[in-house]
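In: Sequence and predicted structure, then a few things I'm wondering about:
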Protein chains: 2
Amino acid sequence: MSQSSTPASRTPVTAAILVIGDEILSGRTKDKNIGYIAEYLTNLGIDLREVRIVPDLMDEIVSALNAIRARYTYVFTTGGIGPTHDDITADAVACAFGVPIDHDPRAVAMLAERFPPDQLNEARMRMARIPQGADLIDNPVSKAPGFRIGNVHVMAGVPSIMQAMLDHVAPTLKTGVRMLSETVLAGLREGDIGTALGEIAKAHPDCAIGSYPFWSETGPDTNVVVRSRDPEALMRAVAAVQAMVEHERSRLKG
Amino acid sequence: MSQSSTPASRTPVTAAILVIGDEILSGRTKDKNIGYIAEYLTNLGIDLREVRIVPDLMDEIVSALNAIRARYTYVFTTGGIGPTHDDITADAVACAFGVPIDHDPRAVAMLAERFPPDQLNEARMRMARIPQGADLIDNPVSKAPGFRIGNVHVMAGVPSIMQAMLDHVAPTLKTGVRMLSETVLAGLREGDIGTALGEIAKAHPDCAIGSYPFWSETGPDTNVVVRSRDPEALMRAVAAVQAMVEHERSRLKG
C-alpha cells in the first residue's frame, strides 16, 4: 500500500533494515530495534519497505546486504559490531562493498577515550576495524563506533546504543514528505465493513487504508487506519470511512 | 554459527519466517510473532535461518516467498489473511505456487460455524479463499483458517491466533535433534574475554559460541552462550569457557 500512497510527483525516500544475529533467530534475544527504527523512519517521512534478519554467517550477511542496498535509499543494520569472534558485521560490509578493512585511527582514538592502553587488547581493537572509506557513527554510550558506507548505516544491536546512533545519523538523512495518519474506530467487526472499505480504498488511490481488528472490552472491534502524504486526500478518505462506518453501524445495530 | 553446530552426519531441519504487513513496517504495530516462533522452532530442533518482513504488495510477497521457500525446509508466514482489501496473502501464495485460488468448501464450512448466513458476506468469504491443493490449518479462536501448501504454512498475524495455529501445525513438522544450550556468566566485560573466547570457538567447531554483553547491577557483564546438538561436545566447550573465564577474572581482578 505504501507505494500507492506516495504522490507520483515525488520520489519516495525508502529504507530497509538488516538485523544480524543468531541470538535473534534462536529466540534467545527478542528484537527491540525493528519496531523502534520503523516508527523513527516513518516520523522522518522515510518508507521502511523491507526487513531481513540473518545469522552470523559471512555469506548470508553479504548477499542480503547487497540485495537490499541496491533497492532502497538507505539500509540500517543492527548487531555484530562487538569485540568477539561472532561479531563479523564490519568484515561482511567491507566484503559486500569490495573494500579493504583495517583498524581506523579515528575509531582507535574513540576506544582510547574509554580504555586505558593495557585494556585496549586485540578483542577491543576489533571494534576499531572499519571498512575503507566509511564515516564513523558516534557511540556516546560505550564509545565503539558504528559507521556509514555508501547508503548503509551499521549500528550496534544493543537498543540503547542503536538509538543513540540513530539520533546521530538522522540529521544526515534525506527525508520525505511525512506520512500523515488518521485512525477511525469502527465499532464493528472487520468482516462487517470489509467490502465497503475495499470500495473506499479503490476510490482513494492516493491513500493507504489498513484495517486492524482487535478485542475491545465490548468485543471484537476494528481500527481503520488511513495514511497519506496529502492532507486533503487524507481528509476525504477519512470522511468516506466515517460515513461508511456510521451507515453500517445503523444498518447492523440500529 | 548455527550451521557449524549441526553434526555433519545429519541434515538440519531449517525454517524461515515471512511477516506480511504495512502496519509492521510503519511501526504502528510492533511484531510479537517473530520471537515467539523463533523460540518455538528452536525447541523443536528446527533452525530458524532467516526472517523477512514485507509490505502488503503482491509482487513483494510473491518474490520473497519464492526466494525463501526454495531455500529452507519450512516457511511460516504471518499476516494478511483477514477479510479486508489489504489482506492479499492467500492470493500471493497461490500466485507464488502458480495454482488457482477460490472459495474452499471446507473453509466456508468453518466460517459458517461462526457466522449466520446473513453475516457471511463477501468480505468474510474472502477468508475462505484458499489456494488449490492446500491443507487447512484450524483456527480455534476465530474460525477463519490458515493453510499449508507445499512447505509453506500461512498463519494469522494476530498473536493469539498465530500461536493456536502453530500448535496445530507443530505435530506435522519434521523435527531435528534439539539444540542444547548452556550459558556461562563471565563476570567480565565482553572485551576482556573476546580474544580467548575466539580461540575456544575455533577449538570447538562442533559448538556455536555467542557472546552477549549486558549491564548488571555491578556494571558491564557478559553472558557466553554455548550451543550444540552433541551433549558431550557442549560440556567440553562449556568447561573450556568456564576455565578461561576464571583465569581471566583472577588475572584482571587479582
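Out: Everything's here; your move.
In: which residue does the stretch 1-150 of chain A bring closest to chain B?
Out: residue A:123 (2.5 Å; C-beta to the nearest C-beta). The C-beta positions use only the backbone N, C-alpha and C, and glycine is treated the same way.
In: Wait, that residue touches residue B:195, no?
Out: Yes: using C-beta atoms under 8 Å, residue A:123 is in contact with residue B:195, at 4.5 Å.
In: Tell me which of these two has more neighbours.
Out: Neighbours per residue (other C-beta atoms under 10 Å in any protein chain shown) separate residue A:123 from residue B:195, with residue A:123 holding more: 24 against 19.
In: check contacts around the residue nearest to residue A:128 when sequence neighbours are not counted.
Out: Leaving aside its chain neighbours, residue A:128 sits nearest to residue A:107 (3.8 Å; criterion: C-beta to C-beta, 6 or more residues apart in numbering or on different chains). Contacts for residue A:107 (C-beta atoms under 8 Å, 6 or more residues apart in numbering or on different chains) come out as A:127, A:128, A:129, A:130, A:136, A:144, A:145.
In: who wins for most neighbours among these?
Out: Of these, with other C-beta under 10 Å as the count, residue A:127 tops at 29 neighbours.
In: Could you look up the SS state of the nearest residue to that one once chain neighbours are set aside?
Out: Nearest residue to residue A:127, sequence neighbours excluded (C-beta to C-beta, 6+ apart): residue A:144, at 3.9 Å. Following DSSP: H, G, I helix; E, B strand; the rest coil, residue A:144 is assigned to coil.
In: Got the phi and psi for residue A:144?
Out: Note on residue A:144: backbone dihedrals following degrees, to the nearest 10 are phi -50, psi 120.
In: and what of residue A:130?
Out: phi -130, psi 130.
In: So it is in contact with residue A:101, correct?
Out: Yes: counting by C-beta under 8 Å, residue A:130 does reach residue A:101; the two are 6.8 Å apart.
In: Overlap of the contact sets of those two?
Out: residue A:90.
In: which residues does the residue in the stretch 151-254 of chain A that chain B sits nearest to contact?
Out: Nearest residue of the stretch 151-254 of chain A to chain B: residue A:194, at 2.6 Å (C-beta to the nearest C-beta). Taking C-beta under 8 Å, 6+ apart, we find residue A:194 in contact with A:211, B:82, B:83, B:84, B:85, B:121, B:122, B:123, B:124, B:126.
In: Check which residues of the strand or helix carrying it are buried.
Out: Element membership for residue A:194, per DSSP states H and E: helix A:190-203. Applying a neighbour-count criterion of 16 or more other C-beta atoms under 10 Å in any protein chain shown, the buried positions in helix A:190-203 are A:190, A:191, A:192, A:193, A:194, A:195, A:196, A:197, A:198, A:200, A:201.
In: Following the chain onward from that helix, which element is next?
Out: Taking DSSP H and E, what comes next after helix A:190-203 is strand A:208-216.
In: Surely residue A:31 and residue A:17 touch.
Out: No: judged on C-beta under 8 Å, residue A:31 makes no contact with residue A:17 at a distance of 9.8 Å.
In: so what sits against both of those two?
Out: With C-beta under 8 Å, 6+ apart, residue A:31 and residue A:17 have no common neighbours.
In: Show me what counts as buried in stretch A:228-235.
Out: A:228, A:229, A:230, A:233, A:234.
In: Among these, which lie within strands?
Out: Judged by DSSP state E, strands contain the following of those: residue A:228.
In: and of the buried residues of stretch A:228-235, the nearest to residue B:36?
Out: residue A:228 (32.8 Å; C-beta to C-beta).
In: Okay, and the beta partners of the closest one?
Out: With beta bridges defined as DSSP bridges, residue A:228 has these partners: residue A:180.
In: who's in contact with it?
Out: With C-beta under 8 Å, 6+ apart, residue A:228 has these contacts: A:5, A:179, A:180, A:206, A:207, A:208, A:234, A:237.
In: re earlier: now do the same for the residue of the stretch 1-150 of chain A closest to chain B: helix, strand or coil?
Out: Under three-state DSSP, residue A:123 falls in the helix class.
In: contacting residues around it?
Out: A:83, A:84, B:190, B:191, B:192, B:193, B:194, B:195, B:197, B:198.
In: any chance of those in CSV, plus distance to residue A:246 and pLDDT?
Out: Output for these, formatted as CSV (distance: C-beta to C-beta, whole Å; pLDDT from 0 to 100):
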residue, distance to residue A:246, pLDDT
A:83, 60, 94
A:84, 59, 93
B:190, 58, 93
B:191, 62, 93
B:192, 65, 94
B:193, 64, 95
B:194, 63, 94
B:195, 68, 94
B:197, 63, 97
B:198, 65, 96
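In: can you put these in a markdown table and add distance to residue A:45?
Out: Conversion of those to a markdown table gives the following (distance: C-beta to C-beta, whole Å):
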| residue | distance to residue A:45 |
| --- | --- |
| A:83 | 36 |
| A:84 | 37 |
| B:190 | 37 |
| B:191 | 38 |
| B:192 | 43 |
| B:193 | 43 |
| B:194 | 40 |
| B:195 | 44 |
| B:197 | 43 |
| B:198 | 42 |
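In: Which two of these have the greatest separation?
Out: Maximum pairwise distance among the contacts of residue A:123 (C-beta to C-beta): 12.8 Å, between B:192 and B:198.
In: in the helix or strand of chain A with the lowest mean pLDDT, what counts as buried?
Out: Of all helical and strand segments in chain A, the minimum by mean pLDDT, DSSP states H and E falls on strand A:208-216, at a mean of 90. Residues A:208, A:209, A:210, A:211, A:212, A:213 are the ones in strand A:208-216 that count as buried (16+ other C-beta under 10 Å).
In: Next: stretch A:37-57.
Out: Within stretch A:37-57, the residues scored as buried using 16+ other C-beta under 10 Å are A:37-38, A:40-42, A:44-57.
In: which residues touch residue A:215?
Out: Going by C-beta under 8 Å, 6+ apart, residue A:215 touches residue A:221.
In: max-length helix in chain A?
Out: Ranked by residue count under DSSP state H, the longest helix found in chain A is helix A:231-252.
In: can you list the domains in chain A?
Out: Domain assignment for chain A by automatic domain parsing gives A:13-172, A:180-253.
In: any idea how far residue B:129 is from residue A:164?
Out: 46 Å (C-beta to C-beta, to the nearest Å).
In: do the same with residue A:236
Out: Distance of residue A:236 to residue B:129, given as C-beta to C-beta: 30 Å.
In: how about low-confidence regions in the stretch 151-254 of chain A?
Out: Low-confidence segments of the stretch 151-254 of chain A (pLDDT under 70): A:254.
In: Surely residue A:203 touches residue A:240?
Out: Yes: between residue A:203 and residue A:240 a contact is recorded at 7.1 Å, counting by C-beta under 8 Å.
In: quick revisit: can you list the contacts of residue A:194 in JSON lines and add distance to residue A:24?
Out: Shown next, in JSON lines, are those (distance: C-beta to C-beta, whole Å):
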{"residue": "A:211", "distance to residue A:24": "29"}
{"residue": "B:82", "distance to residue A:24": "27"}
{"residue": "B:83", "distance to residue A:24": "32"}
{"residue": "B:84", "distance to residue A:24": "30"}
{"residue": "B:85", "distance to residue A:24": "32"}
{"residue": "B:121", "distance to residue A:24": "41"}
{"residue": "B:122", "distance to residue A:24": "40"}
{"residue": "B:123", "distance to residue A:24": "36"}
{"residue": "B:124", "distance to residue A:24": "36"}
{"residue": "B:126", "distance to residue A:24": "33"}
